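Novice: Mind looking at a prediction? Sequence and model below.
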Amino acid sequence: MREGELFGSWTERSQIFRNRELLRPSYLPERLPHREEQIGRLARILSFPLRGETPSNVFIYGKTGTGKTATVRYVLGELEKMGRKLNRGIKGIYLNCERVNTRYRVLATLTNSLLNGTSSVPTTGWPIDVLYETFLRVLDSEERVLIIVMDEVDRMVVKKGDEVLYDLTRVNSELERAKVSVIGISNDARFTHYLDPRVRSSLGEEELVFPPYDALQLRDILEERASGAFQPGALEGGVLSLCAAHAAREHGDARRALDLLRVAGELSEQEGAMRVTLEHVRRAYEKLEEDKMVEIVRTLPSQSKLLLFSLLLLVERGAEKVTTGEVYEAYRRVSLQKGLDPLTPRRVSDLLSELEMLGVVSTRILNSGRYGRTKEISLNLPTRQLRKMLEGDGMLLPHTVSLLRQAKLGGWEWTGEAW
DNA sequence: AATCCACAGGAAGCCCGGGAAC
DNA sequence: GTTCCCGGGCTTCCTGTGGATT
């Protein structure tokens, strides 16, 4: 191979993309179409520190991909810029409560962020009250307004980290020079019901709702990004509309629309096509769906995998739709065969509901009068695909393969009273 | 009209691992 | 290190349900 040949063809300028980074979820655009109203309101609320006053706490909710995080980051960035210009100490700290989800971690992260690397508190070990005192002292060491953004704040409650919300919404009374305001972001509107009433009223001083985008708005967003992301003329007519339409059906998720467009672009690039076609979008949609499923199945607990495997065997044997009792019996057999204690029907019923929520199976209640009332269960993905996923599983592999072999050879009685 | 099937799904409590508190 | 506590997975026990059958 001649020098440079291996990477040579990949360094040429893409026919399709100009800058694909613009399509990534982490990219923060300069303009956020159809969020002018939310940006305006948030800016008004957060403008108080520019006059030396404390802004209200804000609670924001909206489904995934409705621009919550982008809007907040954008407004906060502008605010900090303005603060520097006017020489006001304004600092925004962004926390993702998916990871930073306990009282300790929140306080430690905030403190470290304020210390700016000069020194730090350890990630574990300190008594919580000492940590809290340290946080107060560091925070109050200078005149400033601290705006704490807590993204996915609903995760805190699950982890019982909501005490820290109480700390933070009440902290102002203990501060001399600094002021704190909290922006909570959640995609679950009911989440506030679980909060301590005092926290709820304090956090909800101002509420901002981000409605889902409709198809036309999604199209605008895509257009905005696509002009920079793609080479001129690289998109076939209707591509953007199709991406938008797909995403609009799934509760107006802009992230989804952008993913779709990016993957469609990547597919067309891979096959050396001149432009992105509607067919590429269709395949991108399938790819994303499949990737999602693979990930879901892969991360399933082993009992659920076993259950799913039992269902798979039944479906492969020609049963289109299966009742709860049948799946349970199959599952019980497979478990025993593997030398495992089967779970009770009650538990399996819950596992089935979980599988349904994840979209792996569909169920519907079936009434057969005298012959009882049960759920009719069907698989939501092709058997071949599912089998591939399950066979790739380390835990199941040695046993399942032999089970499959037995099943194929007819070594099992899969029908009738032999069960 | 009463019965009864084959479950659905709620309530309570057990067990266990892991992390916080002492 | 020990103790305590909590949450998740699970079981046990239970009540509820719609319509074919009696």
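Specialist: Ah, there it is. It should be emphasised that the depicted structure is a prediction, and the values quoted were computed from it without experimental measurement.

Novice: my guess is residue A:33 meets residue A:216, correct?
Specialist: No - the pair residue A:33 / residue A:216 is not scored as a contact, 10.4 Å apart, by CB atoms under 8 Å. To be clear about C-beta, it is placed using only N, CA and C from the backbone, and glycine gets the same treatment.

Novice: Settle it for me: which of those two has more neighbours?
Specialist: The neighbour count for residue A:33 versus residue A:216, taken as other CB atoms under 10 Å, is higher for residue A:33 (18 against 13).

Novice: if I've got this straight, that one is in a helix?
Specialist: No - Residue A:33 is assigned coil when assessed by DSSP: H, G, I helix; E, B strand; the rest coil, not a helix.

Novice: mind checking how far it is from DNA strand C?
Specialist: Applying CB to the nearest atom of the strand, to the nearest Å, the value for residue A:33 to DNA strand C is 38 Å.

Novice: again with residue A:317
Specialist: Distance from residue A:317 to DNA strand C, by CB to the nearest atom of the strand: 26 Å.

Novice: count of neighbours near that residue?
Specialist: 13.

Novice: Low-confidence ranges, chain A, go.
Specialist: A:1-13, A:117-119, A:157-162, A:190-196, A:394-419 (pLDDT under 70).

Novice: Where does the record place the domain boundaries for it?
Specialist: Chain A breaks down into these domains under automatic domain parsing: A:35-210, A:213-296, A:300-409.

Novice: and the longest one, anywhere near DNA strand B?
Specialist: Which is domain A:35-210. Yes - Domain A:35-210 is in contact with DNA strand B by CB under 7 Å from any atom of the strand, via A:102, A:104, A:124, A:127, A:128.

Novice: Pull up the distance across that domain, start to finish.
Specialist: Start-to-end span of domain A:35-210 (CA to CA, to the nearest Å) is 8 Å.

Novice: Distance from it to the middle of the chain?
Specialist: Mean-position distance between domain A:35-210 and its chain equals 21 Å (CA atoms, centre = their mean, to the nearest Å).

Novice: got the residue ranges for the strands in the stretch 201-350 of chain A?
Specialist: A:206-210, A:322-323 (DSSP state E, counting those that start in this stretch).

Novice: could I get these as a markdown table with mean neighbour count?
Specialist: Output for the strands of the stretch 201-350 of chain A, formatted as a markdown table (neighbours: other CB atoms under 10 Å):
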| stretch | mean neighbour count |
| --- | --- |
| strand A:206-210 | 17 |
| strand A:322-323 | 20 |
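
Novice: if we can go back for a sec, now the domains of chain A in JSON lines, with distance to residue A:20?
Specialist: Shown next, in JSON lines, are the domains of chain A (distance: least, CB to CB, whole Å):
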{"stretch": "domain A:35-210", "distance to residue A:20": "18"}
{"stretch": "domain A:213-296", "distance to residue A:20": "6"}
{"stretch": "domain A:300-409", "distance to residue A:20": "28"}
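
Novice: Tell me, how many residues neighbour the residue lying closest to residue A:269 once chain neighbours are set aside?
Specialist: Closest residue to residue A:269 apart from its sequence neighbours, by CB to CB, 6 or more residues apart in numbering: residue A:16 at 4.6 Å. Residue A:16 has 24 neighbouring residues, counting by other CB under 10 Å.

Novice: So what does residue A:90 have for phi and psi?
Specialist: phi -120, psi 130 (degrees, to the nearest 10).

Novice: if I look at the closest residue to it other than its chain neighbours, how far off is residue A:137?
Specialist: Excluding its sequence neighbours, the residue lying closest to residue A:90 (CB to CB, 6+ apart) is residue A:83, at 3.3 Å. In this view, residue A:83 and residue A:137 are 23 Å apart by CB to CB, to the nearest Å.

Novice: More neighbours: which of those two?
Specialist: residue A:83 (18 against 10).

Novice: Figure out the helix or strand that the more buried one lives in.
Specialist: helix A:68-85 (DSSP states H and E).

Novice: Next, the angle from that helix to strand A:206-210.
Specialist: Using axes from the mean of the first three to the mean of the last three CA atoms, to 10 degrees, the direction of helix A:68-85 lies 130 degrees away from that of strand A:206-210.

Novice: Show me what helix A:68-85 is packed against.
Specialist: helix A:36-46, strand A:58-62, strand A:90-96, strand A:144-151, strand A:178-186 (3 or more CB pairs under 8 Å, 6 or more residues apart in numbering; DSSP states H and E).

Novice: show me what contacts residue A:148?
Specialist: Going by CB atoms under 8 Å, 6 or more residues apart in numbering, residue A:148 touches A:92, A:93, A:95, A:110, A:168, A:180, A:181, A:182, A:183.

Novice: Now render those residues as JSON lines, adding distance to DNA strand C and neighbour count.
Specialist: Formatted as JSON lines, those follow (distance: CB to the nearest atom of the strand, whole Å; neighbours: other CB atoms under 10 Å):
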{"residue": "A:92", "distance to DNA strand C": "30", "neighbour count": "20"}
{"residue": "A:93", "distance to DNA strand C": "26", "neighbour count": "14"}
{"residue": "A:95", "distance to DNA strand C": "20", "neighbour count": "22"}
{"residue": "A:110", "distance to DNA strand C": "23", "neighbour count": "23"}
{"residue": "A:168", "distance to DNA strand C": "20", "neighbour count": "25"}
{"residue": "A:180", "distance to DNA strand C": "26", "neighbour count": "22"}
{"residue": "A:181", "distance to DNA strand C": "27", "neighbour count": "24"}
{"residue": "A:182", "distance to DNA strand C": "22", "neighbour count": "24"}
{"residue": "A:183", "distance to DNA strand C": "25", "neighbour count": "28"}
